[in-house]
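Colleague: Below are the sequence and a predicted model for it; my questions follow.
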Protein chains: 2
Amino acid sequence: MSLALRDSPLVADATRDRIKEHARTIGYIYNRRAASLRTSRSGIVGVVVHDIMNPFFAEILRSIESELDRSRQTFILSNHYDQLEKQRTFIDTLLQLGADGVIMSPAIGTPAEDIRLAEENGLPAVLIARSVEGADVPVFRGDDAYGIGLATNHLISLGHHRIAMIGGTDQTSTGRDRFQGYVAAMQAAGLEVKPHWRLPGPRTKQGGFESAGQFLALKDKPTAAVCWNDLVAIGLMNGIARAGLVPGVDVSVTGYDDLEEAAIATPALTTVWNGQREVGRRAARVLLDRLNGAAMRASQELIKPELHVRQSTGKPVERN
Amino acid sequence: MSLALRDSPLVADATRDRIKEHARTIGYIYNRRAASLRTSRSGIVGVVVHDIMNPFFAEILRSIESELDRSRQTFILSNHYDQLEKQRTFIDTLLQLGADGVIMSPAIGTPAEDIRLAEENGLPAVLIARSVEGADVPVFRGDDAYGIGLATNHLISLGHHRIAMIGGTDQTSTGRDRFQGYVAAMQAAGLEVKPHWRLPGPRTKQGGFESAGQFLALKDKPTAAVCWNDLVAIGLMNGIARAGLVPGVDVSVTGYDDLEEAAIATPALTTVWNGQREVGRRAARVLLDRLNGAAMRASQELIKPELHVRQSTGKPVERN
């Protein structure tokens, strides 16, 4: 019926005229839902990430929002908590709503097929923060292997030889890149990487806080910790302080992301700026350009991270 | 036409039959947007708050989300950053989408008229965290005057007589209640409240951090600070530590909200649990009940706060 009202050439004239007449008779109500059946744009963009409570994603979302605002697009948000089913339900909802596109940080284990299906059903996708092997869409993320290398090399240059890596998972592209970047930097400096120095865990302050005990109990006593992100690093520093040691003096700690609060943490956190504002801005921009008719090329764009040195790192101190 | 396909008694039988026939002829495509024209539910609830980057709102949103999930409702989110225009644009979008309802923490200065208009256009509203004078809708928020009284009385009972109040604004219902609760507790204990002990400011860690210098320079040297929320308190403690003093020893600090990170801050933060999970759960519940046909009564439900005493408060120490 929407075809008829839109004067589609696919509908015979006589049929169209009768339908239009009936529409007038029973009262045709205009609203956006009805209108969006007749145009190619709904004005809605979906955004799905692991968890908006993580300030890393919140900072990305803020820059996506400010780009979308400028183009008067509405923003539907969902967390997938790394549950594929939750992500699929959200994409189905976007398809049913006729959303214009989706910006996603894909859940762990997202098959390329899920993204291909969305695209084939008219929902262009842009990936942020994580990539999906075989997915033929634009990806915007930090260069994690390079970034973690900056943090690790900084500690090595201060004289640290025994460096642990705390928090996070190796199940995402981000996680694999960060772990490999840490290993590569250690090996390039001729340093050993002991498997028990890798303490994976939640990417939260609580996770970092809880791993402090395990870290401090490691029998060969690493003098420094490269943390998966700022949240883990701030939690770890809180846990180290709770144990009576002084983070930044007794133990050196690096973060990752350079969240707003990294600079005001106690001590101020040495961390790696991860370009979250840039990731959000560019992802929104490429999707908006596509909605305005530009072609969207599959490509991986790596934002170059930068080391920000503050007070949480110093020369190594041997603990007894 | 949607009336006809839904077998409305308002449409004459003959008309209905002809329209249905045409619909079959030209191919009727089912999707949710089309379907929602024929039912009273779109499956979408809007949520608008000051700023999702504030973990206080993020914790409320998480519990709203989990309630909505259970009822398979989709969740459209927006920040208004206390800009009335931004809030109005979002409500217009919800009306155009035929959303089922809106949960909002109203922007500063929201007139009751805005909420009445949404209601009259079929968008039931539930308020969280802040009330609007004259708005005839359910409100779920903490009992702020009582809660800040718990924090202030705790400091007074430890022996503090000169207590400052740091951060936040007095332009919201929350802000007014918190300030009055602090003043009332001081006066009930026969203590003076000096106007320059009220340092309003952003409700952020950065805001608390930046007010540390001003707080420590107050000439009559308050021995304790009641902070507007946990973010301000954690920022203030970081600023106090940066100045070479020990928060919890040299200066007592209380927070408000009991965010997840309050317990792992350095030192662990004495704060007031503000029931954000409860606020979110009950607000979502009353809206869902309304969508299922229950009546929605205008009422203000105050969640009773609780004091959680940790290490950031102690006996007063006079500074030189």
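Modeller: Looks like it arrived, so ask away.
Colleague: How confident was the prediction at the residue in the stretch 51-200 of chain A positioned nearest to chain B?
Modeller: Residue of the stretch 51-200 of chain A nearest chain B, by C-beta to the nearest C-beta: A:Gln96 (3.6 Å). All C-beta spots, glycine's among them, are computed from the backbone N, C-alpha and C. The model reports A:Gln96 with a pLDDT of 78.
Colleague: could you point out which element follows the helix or strand harbouring it?
Modeller: Using DSSP states H and E, A:Gln96 sits within helix A:84-97. Remark: after helix A:84-97, the chain's next helix or strand is strand A:101-104, criterion DSSP H and E.
Colleague: Need the contact partners of that next one.
Modeller: Residues outside strand A:101-104 that contact it (C-beta atoms under 8 Å, 6 or more residues apart in numbering or on different chains) are A:45-49, A:64, A:87, A:91, A:94, A:118, A:123-128, A:283-284, A:287, A:290-291.
Colleague: Recalculate using a threshold of 7 Å.
Modeller: Residues from elsewhere that reach strand A:101-104 (C-beta atoms under 7 Å, 6 or more residues apart in numbering or on different chains): A:45-48, A:64, A:91, A:94, A:118, A:123-128, A:283-284, A:287, A:290-291.
Colleague: next one: stretch A:245-258
Modeller: Counting by C-beta under 7 Å, 6+ apart, A:56, A:147-148, A:151, A:154-155, A:158, A:160, A:223-230, A:233, A:236-237, A:240-241, A:262, A:267, A:269-274, A:276, A:308, A:311-314, A:317, A:319 sit against stretch A:245-258.
Colleague: what's the answer for stretch A:141-149, then?
Modeller: Here stretch A:141-149 makes contact (C-beta under 7 Å, 6+ apart) with A:128-131, A:174, A:177-178, A:180-182, A:184-185, A:226, A:256, A:272, A:274-275, A:279, A:302-305.
Colleague: give me that answer again for 6 Å
Modeller: Stretch A:141-149 is contacted by residues A:129, A:174, A:177-178, A:180-182, A:185, A:272, A:274-275, A:302-305 when judged by C-beta atoms under 6 Å, 6 or more residues apart in numbering or on different chains.
Colleague: Scan those residues and report the most crowded one.
Modeller: Ranked by neighbour count under the definition other C-beta atoms under 10 Å in any protein chain shown, the contacts of stretch A:141-149 are headed by A:Arg178 with 30 neighbours.
Colleague: Next, the angle helix B:55-70 makes with the helix or strand hosting A:Ile64.
Modeller: Remark: A:Ile64 resides in helix A:55-70, with elements defined by DSSP H and E. Angle of helix A:55-70 versus helix B:55-70, following axes from the mean of the first three to the mean of the last three C-alpha atoms, to 10 degrees, is 80 degrees.
Colleague: For helix A:55-70, name the packing helices and strands.
Modeller: Applying 3 or more C-beta pairs under 6 Å, 6 or more residues apart in numbering or on different chains; DSSP states H and E, we find helix A:55-70 packed against helix A:276-291.
Colleague: let's see it at 7 Å
Modeller: strand A:44-49, helix A:276-291 (3 or more C-beta pairs under 7 Å, 6 or more residues apart in numbering or on different chains; DSSP states H and E).
Colleague: so which of the ones you listed gets nearest chain B?
Modeller: strand A:44-49 (8.1 Å).
Colleague: Is chain B within reach of that closest one?
Modeller: No: remark: strand A:44-49 sits outside contact range of chain B, by C-beta under 7 Å from any C-beta of the partner chain, the gap being at least 8.1 Å.
Colleague: Any idea how far that strand is from the middle of the chain?
Modeller: Per C-alpha atoms, centre = their mean, to the nearest Å, the displacement of strand A:44-49 from the mean C-alpha position of its chain is 13 Å.
Colleague: ok, that strand: who's next to it in the sheet?
Modeller: Its sheet considered, strand A:44-49 pairs with strand A:74-79 (parallel), strand A:101-104 (parallel) by DSSP bridges.
Colleague: Name the residues that touch whatever helix or strand comes next after the last one?
Modeller: Translated: strand A:101-104. Following strand A:101-104 in sequence order, the next helix or strand is helix A:112-120 (DSSP H and E). Around helix A:112-120, the neighbours that count as contacts under C-beta under 7 Å, 6+ apart are A:Arg88, A:Ile91, A:Val102, A:Ala125, A:Val132, A:Glu133, A:Gly134, A:Ala135, A:Val137.
Colleague: how close does the residue nearest in space to the middle of chain A sit to B:Ala129?
Modeller: The residue lying closest to the centre of chain A (C-alpha atoms, centre = their mean) is A:Ala129, at 3.6 Å. Distance, A:Ala129 to B:Ala129, by C-beta to C-beta, to the nearest Å: 30 Å.
Colleague: do the same with A:Val226
Modeller: 39 Å.
Colleague: again, but for A:Gly239
Modeller: As judged by C-beta to C-beta, A:Gly239 and B:Ala129 stand 31 Å apart.
Colleague: How about A:Ile156?
Modeller: Distance from A:Ile156 to B:Ala129, by C-beta to C-beta: 48 Å.
Colleague: cool, A:Ser173 as well?
Modeller: Taking C-beta to C-beta, one finds A:Ser173 at 37 Å from B:Ala129.
Colleague: about what we covered before: what remains of the contacts of stretch A:245-258 if I keep only buried residues?
Modeller: A:56, A:147-148, A:151, A:154-155, A:158, A:160, A:223-230, A:233, A:236-237, A:240-241, A:262, A:267, A:269-274, A:276, A:308, A:312-314 (16 or more other C-beta atoms under 10 Å in any protein chain shown).
Colleague: Just to be sure, which of those are found in strands?
Modeller: A:Ala224, A:Ala225, A:Val226, A:Cys227, A:Thr271, A:Val272, A:Trp273, A:His308 (DSSP state E).
Colleague: Okay, and A:Glu210 sits in which element?
Modeller: Applying DSSP H and E, one finds A:Glu210 within helix A:205-217.
Colleague: could you give the mean pLDDT of that helix?
Modeller: Here the average pLDDT along helix A:205-217 is 97.
Colleague: Centre of the chain to it, how far?
Modeller: On C-alpha atoms, centre = their mean, the centre of helix A:205-217 falls 24 Å from the chain's centre.
Colleague: check whether that helix contacts chain B.
Modeller: Yes: using C-beta under 7 Å from any C-beta, we find that helix A:205-217 touches chain B at A:Lys205, A:Gln206, A:Phe209.
Colleague: right, and the first one touches B:Glu261 too?
Modeller: Yes: under the contact definition of C-beta atoms under 7 Å, A:Lys205 touches B:Glu261, with a separation of 5.2 Å.
Colleague: circling back: take the helices and strands packed on helix A:55-70 and write them to a markdown table, including mean pLDDT.
Modeller: Output for the helices and strands packed on helix A:55-70, formatted as a markdown table (pLDDT from 0 to 100):
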| stretch | mean pLDDT |
| --- | --- |
| strand A:44-49 | 92 |
| helix A:276-291 | 94 |
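Colleague: can you pull the contacts of the residue nearest to A:Gly239 when sequence neighbours are not counted?
Modeller: Closest residue in space to A:Gly239, ignoring its immediate chain neighbours: A:Ala212 at 2.5 Å, by C-beta to C-beta, 6 or more residues apart in numbering or on different chains. Residues in contact with A:Ala212 (C-beta under 7 Å, 6+ apart) are A:Leu236, A:Gly239, A:Ile240, A:Ala243.
Colleague: gap between A:Ala212 and A:Arg242?
Modeller: 7 Å.
Colleague: Not counting sequence-adjacent ones, nearest residue to A:Thr204?
Modeller: Nearest to A:Thr204 is A:Leu231, by C-beta to C-beta, 6+ apart, at 5.4 Å.
Colleague: quick one on the thing from earlier: mind checking which of the contacts of A:Ala212 land in helices?
Modeller: A:Leu236, A:Gly239, A:Ile240 (DSSP state H).
Colleague: what's around the second one, how many residues?
Modeller: For A:Gly239, the count of nearby residues is 24 (other C-beta under 10 Å).
Colleague: That one reaches A:Phe209, doesn't it?
Modeller: Yes: checked against C-beta under 7 Å, the pair A:Gly239 and A:Phe209 is within contact range at 4.4 Å.
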